[in-house]
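here's a sequence, model it:
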Amino acid sequence: MKRFLSAAGLIATLAQPGVAAACATFTVTAPPLRYDPLSSTPAAPQPVNVIVTRQAQVGPAVVGVRFQFVDPMRGGPIFRLGSQGPVYDIIENGRVVVVGATSATLTAANSVAVQFADAGHGDVVGAPGFRLEMEPAQNVAADFYIANLDIRYECRYADGGVSASMVQPNGLTLTALVPNLISVNLAGGGKAGVIDFGGFQRSTQRAFVSVRSTGPYRVTTQSANGGVMRIAGMTGENASIAYSLTLDGHAIGAASHRLFQPAGAGGADMLLQAALVDDISQKRAGLYRDEVTVTFTPSGI
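Below is the predicted model of the structure:
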């Protein structure tokens, strides 16, 4: 009985399909990328350097491999660094060679073939021409993004045979830094403008500010006259008019700052409003003026 059980176990083992042995290893590197979502200029493509090393084999000689990069977190066709990071592609000779985890087929359109030289003379070969590309002006937040890609490959043999598809996990690590950036303009594109109360027929006047930012930011103001408009050369109370400033409905003052949430790469138009605080009926006639600098500063908080 023991012999029968042992023999049955041996037969079952021999009947299992053979598992393809790794015919090659891949060493792949890409430099870190600094990505500016506020720029309309495309980021310079980054090289992806690929070195393929042939492994010793039992059986037919390995003459080459066909491989592709696999984003295990994506089903495709859109690939991102991290869960919400910038969209990227890996391009080789005009082809996209990164695929989603659900695609297991290596074709000429989505993969690259590498040929080895004679055994013992060309066991290491480079695969030039890969580059990492990202489109400009993607609406992503400031952060450090990372993607670990697998390499799916198949062995090509001298007798014309092709192995089953295999995977080298975490064969390529992609990283990108999106810094905390901000861009601010008054409506019309300028950096300076005038809020004119005219003859004070209205107690409020407004301007619009366009803000784009990858992260939160602080707004501070600096007033030449300490938050009042004055007649030049005069110091009396009847020659000054106090006012208040609000941005997007939030008070901003000369002695304070306020934190705002990210506006995104798409931007937001914010209302900058000045409102008179004083009763002007007892004020002197004249030209009242103040110069205010509103500063927008990226914040890590």
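
pull out the buried residues from stretch 226-241.
Within stretch 226-241, the residues that count as buried by 16 or more other CB atoms under 10 Å are 227-231, 239-241. (Glycine included, C-beta is placed from N, CA and C.)

and for stretch 276-295?
Applying 16+ other CB under 10 Å to stretch 276-295 flags 276, 278, 283, 288, 290, 292, 294 as buried.

Val98: which of these is nearest?
Proximity of the buried residues of stretch 276-295 to Val98 (CB to CB) peaks at Val294, which lies at 43.9 Å.

apart from its neighbours in sequence, what residue is nearest that closest one?
Nearest non-adjacent residue to Val294, counting by CB to CB, 6 or more residues apart in numbering: Thr221, 5.3 Å away.

and after the host helix or strand of the one you found, which helix or strand comes next?
Thr221 is part of strand 217-223, with elements assigned from DSSP states H and E. For strand 217-223, the succeeding helix or strand toward the C-terminus, using DSSP H and E, is strand 228-231.

what lies in contact with that next one?
Residues external to strand 228-231 that are found in contact with it (CB atoms under 8 Å, 6 or more residues apart in numbering): 239-243, 284, 286-290.

mind exporting the following helix or strand past that strand as CSV, just the C-alpha atoms?
Per DSSP H and E, the first helix or strand lying C-terminal to strand 228-231 is strand 240-247. The C-alpha trace of strand 240-247 is given here as CSV (Å, rounded to 0.1, in the frame of the first residue of the first chain):
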residue,chain,number,x,y,z
SER,A,240,-8.3,109.8,6.0
ILE,A,241,-10.8,107.1,5.2
ALA,A,242,-10.6,103.6,6.7
TYR,A,243,-11.5,100.6,4.5
SER,A,244,-11.6,96.8,4.7
LEU,A,245,-10.5,94.2,2.2
THR,A,246,-12.0,90.7,1.5
LEU,A,247,-10.8,88.0,-0.8
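
show me which positions of strand 240-247 end up buried.
Applying 16+ other CB under 10 Å to strand 240-247 flags 240-241, 243, 245-247 as buried.

from these, which is closest to Phe208?
Taking those together and measuring to Phe208 by CB to CB, the closest member is Leu247, at 10.5 Å.

tell me where this structure has helices.
Using DSSP state H, the helices found in the chain span residues 2-15.

for it, which strand is longest?
For the chain, the strand with the greatest residue count under DSSP state E is strand 143-157.

mind giving me the packing neighbours of that one?
When contacts are defined as 3 or more CB pairs under 8 Å, 6 or more residues apart in numbering; DSSP states H and E, strand 143-157 sits against strand 24-29, strand 62-71, strand 166-178.

can you lay out those as JSON lines showing mean pLDDT?
Putting the helices and strands packed on strand 143-157 into JSON lines (pLDDT from 0 to 100) gives the following:
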{"stretch": "strand 24-29", "mean pLDDT": "96"}
{"stretch": "strand 62-71", "mean pLDDT": "95"}
{"stretch": "strand 166-178", "mean pLDDT": "97"}
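
please identify the most buried of the ones you listed.
Highest mean neighbour count among the helices and strands packed on strand 143-157 (mean count of other CB atoms under 10 Å): strand 62-71, with a mean of 23.

contact partners of it?
23-24, 26, 52, 54-55, 79, 90, 97-101, 103, 106, 110-116, 147, 149-158, 167, 171-172.

tell me the pLDDT of the nearest residue to Asn238 once chain neighbours are set aside.
Leaving aside its chain neighbours, Asn238 sits nearest to Arg284 (5.2 Å; criterion: CB to CB, 6+ apart). Note for Arg284: predicted pLDDT of 94.

right, I'll leave it there.
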